[in-house]
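A.B. asks: Build me a model:
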Amino acid sequence: MQIQPLWLRITHWLNAFAVLIMVTSGWQIYNASPIFRSIVFPSAITLGGWLGGALQWHFAAMWLLVANFIVYVAMNVFTGRLRRRMFPLSIRSIVTDAFAALRGKLGHDDLTHYNAVQKFAYLAVIVDIVIVILSGLAVWKSVQFPLLRTLMGGYDEARVVHFFGMSFLVAFFVVHVVMVALVPRSLVMMIRGR
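C.D. replies: Sure, this is the predicted structure:
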């Protein structure tokens with residue numbers, strides 16, 4: 001029985017690839033003009049080699065991320081998968097499952113159903129990617145999108161929003177990889193679909 005459809009697996013891996021390129025090139029861009037002077041990313045984990053190269057990588061991956069993300073969200077909505085897999089969801093269920101996870105009591109026997117923490121995390125990362133895209137537009141095309149820049153609190157604040165949005169994505173990615181390591185069947189399912 002197919003659990004993860006082909007369109008989901010393709011968009012999942014393309015999103016992961018685009019985010020990896022955007023984050024590592026974004027770190028190189030950030031290093032050229034840091035927001036927080038105490039935070040500098042080692043060149044070994046950045047992409048682009050210099051500001052111009054990093055910008056090229058960042059803008060190339062940006063188009064992939066935006067196009068693929070639109071397809072990912074649209075397919076989730078139009079196939080009904082978003083409603084079926086992510087809802088219902090309540091604060092109580094999130095707290096209950098979070099405490100169960102912290103005690104090592106959260107079961108992973110049935111990978112066809114997401115627990116409340118997974119549902120919340122996946123919905124949060126969808127919202128976060130929207131925020132990252134919008135704040136990125138406010139930074140990249142600040143003059144062309146003055147309303148967006150204003151909604152972010154200004155150019156400098158849009159950079160801060162973009163930085164924290166990226167930080168949330170990286171944290172999600174790390175936790176996601178750790179969880180996959182703990183439940184390796186989920187990786188097989190995201191490759192094979194079942």
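A.B. asks: Ser62 reaches Gly136, doesn't it?
C.D. replies: One thing to correct before we go on: residue 62 is Met, not Ser. Yes: counting by CB atoms under 8 Å, Gly136 is a contact partner of Met62 at 6.9 Å. The way it works is simple: take the backbone N, C-alpha and C, and place the C-beta from them, glycine included.
A.B. asks: So those two - more neighbours on which side?
C.D. replies: Using other CB atoms under 10 Å as the criterion, Met62 and Gly136 rank with Gly136 on top: 23 against 20.
A.B. asks: got the phi/psi numbers for that one?
C.D. replies: phi -60, psi -40 (degrees, to the nearest 10).
A.B. asks: Grab the nearest non-local neighbour of it.
C.D. replies: His162 (5.7 Å; CB to CB, 6 or more residues apart in numbering).
A.B. asks: quick one: average pLDDT of stretch 78-88?
C.D. replies: For stretch 78-88, mean pLDDT is 93.
A.B. asks: which of the residues in it are buried?
C.D. replies: Leu82, Met86 (16 or more other CB atoms under 10 Å).
A.B. asks: now it, how far from the centre of its chain.
C.D. replies: 19 Å (CA atoms, centre = their mean, to the nearest Å).
A.B. asks: Let's verify the residue nearest the centre of the chain: helix, strand, or coil?
C.D. replies: Geometric centre of the chain, nearest residue: Leu169, 4.4 Å, by CA atoms, centre = their mean. Assigned with DSSP: H, G, I helix; E, B strand; the rest coil, Leu169 falls in the helix class.
A.B. asks: And the strands in the protein?
C.D. replies: Counting by DSSP state E, the chain forms no strands at all.
A.B. asks: Quick check: Leu106 touching Asp97?
C.D. replies: Yes: with contact defined as CB under 8 Å, Leu106 reaches Asp97; the gap is 6.0 Å.
A.B. asks: The closest residue to Leu14 other than its chain neighbours: what's it in contact with?
C.D. replies: In this structure, Leu14 finds its nearest non-sequential neighbour in Asn68, 4.4 Å apart by CB to CB, 6+ apart. Asn68 makes contacts with Thr11, Leu14, Asn15, Ala18, as judged by CB atoms under 8 Å, 6 or more residues apart in numbering.
A.B. asks: Give me the neighbour count for the residue nearest to Gly136.
C.D. replies: 24.
A.B. asks: quick revisit: mind putting the contacts of Asn68 into TSV with neighbour count?
C.D. replies: Below are these laid out as TSV (neighbours: other CB atoms under 10 Å):
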residue	neighbour count
Thr11	20
Leu14	17
Asn15	18
Ala18	21
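A.B. asks: mind listing which of the residues you listed are in helices?
C.D. replies: If you go by DSSP state H, the contacts of Asn68 have Thr11, Leu14, Asn15, Ala18 in helices.
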